[in-house]
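Asker: Got a predicted structure plus its sequence, pasted below:
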Amino acid sequence: MAHAVVVPKSPKSVSALIDAQSGHAAPPSLAHYSTQELYRELIARMHEDPDRDGLLATPGRVEKAMSFLTRGYTQNPTQILRGALFDVDYDEMVIVRDVEMFSLCEHHMLPFYGRVHVAYIPNGKVIGLSKIPRLVEVFARRLQVQERLTRQIADAIHEAIEPRGVGVVIEARHMCMMMRGVEKQQSTTVTSTMVGCYRDPQTRAEFLSLIRQPTGSASL
Ligand SMILES: [Zn+2]
């Protein structure tokens, strides 16, 4: 009885992709696959059947969801703040606390989420209050690390209005820590960036004590 020769389906052999000039193997380009085809392939590699009913429309949904979760790349902080900067004669602390934040960690592409607290002391200019949450969104809706997110929010405010100082604190929970690996489910990661007068221990302490006060009934 003759044996059937089974040729396993394999990805294009690397040797076929050797760059003629450098002699180095070029990584196979996936650019000609659609995003949905790529998600379909990922589902199959999770030992799932991308053709079963519940998963048929999943690549399309994931594409849409991921494009929403990373839309910060197409937004410009300068443009968002334009028209929302006001001259004032006010030099007390402006504080916007408990801004909801949802982001994706760049190491695992899993969510981290929590609250952002922003404070600054104006030096002639303030930012319209509703713009602070929008500014948080621009940087949060990207692949991030919490430390950089904190710094980028502080830098954007600093560049826009050059206040006497700016402080940003983020308290967040990371699904990559909660769902896998160390499984530290209750731990919160706190990061802070203090610029200008917020490096002064007294100003910094005042800011930190204000964000730790229980939220009043007027707030959500
Ligand atoms: Zn992570």
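Answerer: Here it is on my side, so go on.
Asker: Could you measure from residue 76 over to residue 179?
Answerer: Using CB to CB, to the nearest Å, one gets 33 Å for the distance from residue 76 to residue 179. Heads up, the C-betas are built off the backbone N, CA and C, glycines and all.
Asker: actually residue 60, sorry about that
Answerer: From residue 60 to residue 179 the distance is 25 Å (CB to CB).
Asker: Tell me which stretches of the chain form helices.
Answerer: For the chain, the helices defined by DSSP state H occupy 35-45, 53-56, 58-69, 77-81, 131-140, 146-161, 175-178, 201-212.
Asker: Looking at those helices, which is nearest to residue 193?
Answerer: helix 146-161 (4.2 Å; CB to CB).
Asker: wait, does the closest one contact the ion?
Answerer: No: Helix 146-161 lies out of reach of the ion by CB under 5 Å from the ion, never closer than 9.5 Å.
Asker: Which strands or helices does that helix pack on?
Answerer: helix 77-81, strand 94-105, strand 111-121, strand 125-127, helix 131-140, strand 165-174, strand 189-196 (3 or more CB pairs under 8 Å, 6 or more residues apart in numbering; DSSP states H and E).
Asker: for the helices of the chain, which one ends up most surrounded?
Answerer: Neighbour counts (mean count of other CB atoms under 10 Å) averaged over each of these peak at helix 131-140, with a mean of 21.
Asker: roughly how far is it from the heart of the chain?
Answerer: In terms of CA atoms, centre = their mean, to the nearest Å, the centre of helix 131-140 is found 10 Å from the chain centre.
Asker: how about the CA coordinates for it, as PDB?
Answerer: Provided in PDB are the C-alpha atoms of helix 131-140 (Å, rounded to 0.1, in the frame of the first residue of the first chain):
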ATOM      1  CA  LYS A 131     -10.500  70.100  28.300                       C
ATOM      2  CA  ILE A 132      -8.600  68.300  31.000                       C
ATOM      3  CA  PRO A 133     -10.500  65.000  30.600                       C
ATOM      4  CA  ARG A 134     -10.100  65.300  26.800                       C
ATOM      5  CA  LEU A 135      -6.400  65.800  27.200                       C
ATOM      6  CA  VAL A 136      -6.200  62.700  29.400                       C
ATOM      7  CA  GLU A 137      -8.100  60.800  26.600                       C
ATOM      8  CA  VAL A 138      -5.600  61.800  23.900                       C
ATOM      9  CA  PHE A 139      -2.700  60.200  25.700                       C
ATOM     10  CA  ALA A 140      -4.600  57.300  27.400                       C
END
